[in-house]
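Asks: Let's see this in three dimensions:
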Amino acid sequence: MDYTNLNTTKVATDFYKLQQDYKALKDRFDTIVDQYQTNKNQINHINEKLTVSLENMSDAFVAIDNDWKYTFVNQKACQMFEKQPEDLIGKNAWVIFPEAVGKPFHKVYYKAMRTKKEIIFEDYFVPWHRWFENRVIPSKEGIVVFFQDITERKLAEQKSKDLNAKLETRNRELYESIIQIQKINTELIHAKEKAEEGDRLKSAFLANMSHEIRTPMNGILGFTALLKEPKLSGDEQREYIRVIEKSGDRMLNIINDIVSVSKIESGQVSLSYKETSIKDQIESIYIIFKNEAVQKNIQLKINNSIAENENLIRTDQEKVRIILSHLLSNALKFTASGSIEIGCFKNLNTITFYVKDSGIGINPSKKDVIFERFIQEDDSLNRSYEGAGLGLYISKSYVDLLGGKIWAENNSDSGAAFYFKIPIIKPHEIDKEFQTPLPQIPYVTQQLKILVAEDDSISLKFISKILKIFGENLLIARNGFEAVNLCKNNPDIDIVLMDIQMPVMNGYEAIKKIREFNQDVIIITQSAFVFTDEAEKAIEVGGNGYVSKPIDKKQLIDHINEQIMTSRVKSLAKSLS
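Replies: This is a model prediction of the structure:
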């Protein structure tokens, strides 16, 4: 090529332009490389975060590609499959789990892969004995699967299916309870007929008491008769049972109040001081009355200003609970709307509890006498509120026994406020050693040989049905003499449930006889007596525990379990000593 006529200036210009273009392309390339690296780092970071999230999630998670090979499994999935990640990643799912071919998992996975639509299904996972909700989500790369544990929900569904059977059992238990209440009601009416008529207040009280007993009894007997009608729906049965339960509770409360007054009048109320949590007392009463307040559209509030380090005191926990229950029950009775506040605060050496309401308030003419026996805010026949008029008298009597004071005030705007204060007694440190409850043995695991000494056929039938939960090995004695002989002939008896009042030989005498030849058998006394300290007397003659009639099923079972555990702990300690 002839370069003689070459224009050097143009060449230089073109060369310079090429250099500039090259530099621009190089810069562009470097920018792309940098951006690529940045994007790659971001993707890696996102992948790392996603991996961590998937690993830490409570559900099992797997990803499967279009060739049915695992591309990701989290730790929960590895635990579920009982395999390591390296046993799954890159392996064909149906080669690893050939037993799943043809099963719901296999069919649903194929359907999701084929239709590219999300599928949710439930299945039972045998190795874990658990139910799972499985969510299969398809994508271009394959499918991802989430496994959520729904065992509790499935169990709840099963429980709902058992409702009819439980209702039938509850009907039988309620019928037996009604028989007991009828017997108590007959005794109370007989006692009322024997009582001498007193002044106007006492006459009004007796008339009101009859009303308070007959009203719930009418509900019990009336709705029991309705339960016998054929073709009742499940909802109707449940409604009738609720009415019977509510009437029974109301009647039992009346009876308990009468018993409390009788003990107070005869000077037979004893105090049992123990470490008590003020916070627990307030909160437990709140929980008991919360539903009733909600039903009346009343706001129930707690205001506890006691510091945590001053929360524990020594007092009679049960007496304080009863006082608060009566005051809160009164507040709910006389409050149609608005709010009720239950709370407490500390003075120098006392704790003051209070219940404030936005109800009708206190009639000034009754303010000084409402804590007296038989006195009510309204004792006329056209009064608007139910009740026997004993709650405030019982409350004052218990406060007096605790060395405290109770009083009432009208609020400045509306409603009333009831206060009571009791002395602060600090708990002793040594008591804390005995506050730890014994671990309970589940009663379903205990097969016990039990002797029931009971002369009343209805009570015996009711108790026998309760005790079936401990097995069928049940012995029956109709009097104390039979109970002693059965214990002699059956030294392997675990528990004796001994009635106090029986013909031939009473329960106390029978316990003394049994203790002459058997020191180890557990003896639990049970009685409908309410005027003496039966529990202490039963322990004195050799009993281990005491339950009062009417017998509560749960309390009896819990008491038996507690006595069995105590006995076993003592036996273990004796063998180690």
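Asks: Now do the SS call for the residue nearest in space to the middle of the chain.
Replies: Residue closest to the average C-alpha location in the chain (Cα atoms, centre = their mean): I287, at 10.5 Å. The local conformation at I287, judged by DSSP: H, G, I helix; E, B strand; the rest coil, is helix.
Asks: State the pLDDT value of it.
Replies: For I287, the pLDDT comes out at 88.
Asks: Quick check: it vs Q281, distance?
Replies: Here I287 is placed at a distance of 11 Å from Q281 (Cβ to Cβ, to the nearest Å). Any C-beta I mention is one placed from the backbone N, CA and C, and that applies to glycine too.
Asks: And I264, by the same measure?
Replies: According to Cβ to Cβ, I264 and Q281 sit 21 Å apart.
Asks: What's the local residue count around A12?
Replies: Per other Cβ atoms under 10 Å, the neighbour tally for A12 reads 10.
Asks: ok, now the one 4 residues further on?
Replies: Residues lying near Y16 (other Cβ under 10 Å) number 10.
Asks: Could you identify the helix or strand that succeeds the host helix or strand of it?
Replies: Assessed by DSSP states H and E, Y16 sits inside helix 8-56. Counting by DSSP H and E, the next helix or strand C-terminal to helix 8-56 is strand 60-65.
Asks: Mind listing the strands that following strand pairs with, and their directions?
Replies: Strand 60-65 has its sheet partners listed here by DSSP bridges as strand 70-73 (antiparallel), strand 142-149 (antiparallel).
Asks: where does the stretch 201-350 of the chain dip in pLDDT?
Replies: The model of the stretch 201-350 of the chain has pLDDT under 70 over residues 201-216.
Asks: wait, the stretch 51-200 of the chain
Replies: 51-56, 127, 192-200.
Asks: now the helices: where do they sit in it?
Replies: Secondary structure of the stretch 51-200 of the chain (DSSP state H, counting those that start in this stretch): helices located at 75-81, 85-88, 93-96, 104-115, 151-161, 163-194, 200-227.
Asks: Quick one: distance of the first one to the chain centre.
Replies: Right, the one you point to is helix 75-81. Distance, stretch centre to chain centre, for helix 75-81: 34 Å (Cα atoms, centre = their mean, to the nearest Å).
Asks: Check the third one too.
Replies: Distance of helix 93-96 from the chain centroid (Cα atoms, centre = their mean) equals 46 Å.
Asks: Buried residues, it. List them.
Replies: Within helix 93-96, the residues that count as buried by 16 or more other Cβ atoms under 10 Å are A93.
Asks: CA atoms only: put that helix into PDB for me.
Replies: Output of helix 93-96 as PDB, limited to C-alpha atoms (Å, rounded to 0.1, in the frame of the first residue of the first chain):
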ATOM      1  CA  ALA A  93     -37.900 -37.700  46.400                       C
ATOM      2  CA  TRP A  94     -39.600 -40.900  45.300                       C
ATOM      3  CA  VAL A  95     -36.400 -42.900  45.400                       C
ATOM      4  CA  ILE A  96     -35.800 -41.800  49.000                       C
END
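Asks: what comes into contact with that helix?
Replies: Surrounding helix 93-96, the residues in contact under the criterion Cβ atoms under 8 Å, 6 or more residues apart in numbering are I64, W68, K69, Y70, K83, D87, L88, A100, V101, H106, Y109.
Asks: redo that, cut-off 6 Å
Replies: I64, W68, V101 (Cβ atoms under 6 Å, 6 or more residues apart in numbering).
Asks: Show me the shaky parts of the stretch 351-500 of the chain.
Replies: For the stretch 351-500 of the chain, the ranges with pLDDT under 70 are 373-389, 428-446.
Asks: what are the ranges of the strands in it?
Replies: 405-410, 416-423, 450-453, 474-477, 495-499 (DSSP state E, counting those that start in this stretch).
Asks: on that earlier part again, got a markdown table for the contacts of helix 93-96, with distance to T352 and neighbour count too?
Replies: Below are these laid out as a markdown table (distance: Cβ to Cβ, whole Å; neighbours: other Cβ atoms under 10 Å):
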| residue | distance to T352 | neighbour count |
| --- | --- | --- |
| I64 | 68 | 22 |
| W68 | 73 | 17 |
| V101 | 74 | 12 |
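Asks: Pull the distance from stretch 550-566 to the chain's centre.
Replies: 17 Å.
Asks: List the buried residues of that stretch.
Replies: For stretch 550-566, using 16+ other Cβ under 10 Å, the buried residues are P550, I551, L556, H559, I560, N561, E562, Q563, I564, M565.
Asks: Please list the members of the residues you listed that lie in helices.
Replies: The helices, defined by DSSP state H, take in L556, H559, I560, N561, E562, Q563, I564, M565 from those.
Asks: Against D558, how distant is E275?
Replies: Using Cβ to Cβ, E275 is found at 21 Å from D558.
Asks: Phi first, then psi, for I360.
Replies: phi -80, psi -10 (degrees, to the nearest 10).
Asks: Is it correct that it is in contact with F334?
Replies: Yes. Here I360 reaches F334: they are 5.2 Å apart, a contact under Cβ atoms under 6 Å.
Asks: Quickly list the domain ranges of the protein.
Replies: 10-47, 56-152, 274-378+385-423, 450-576 (the TED database).
Asks: Good, wrapping up.
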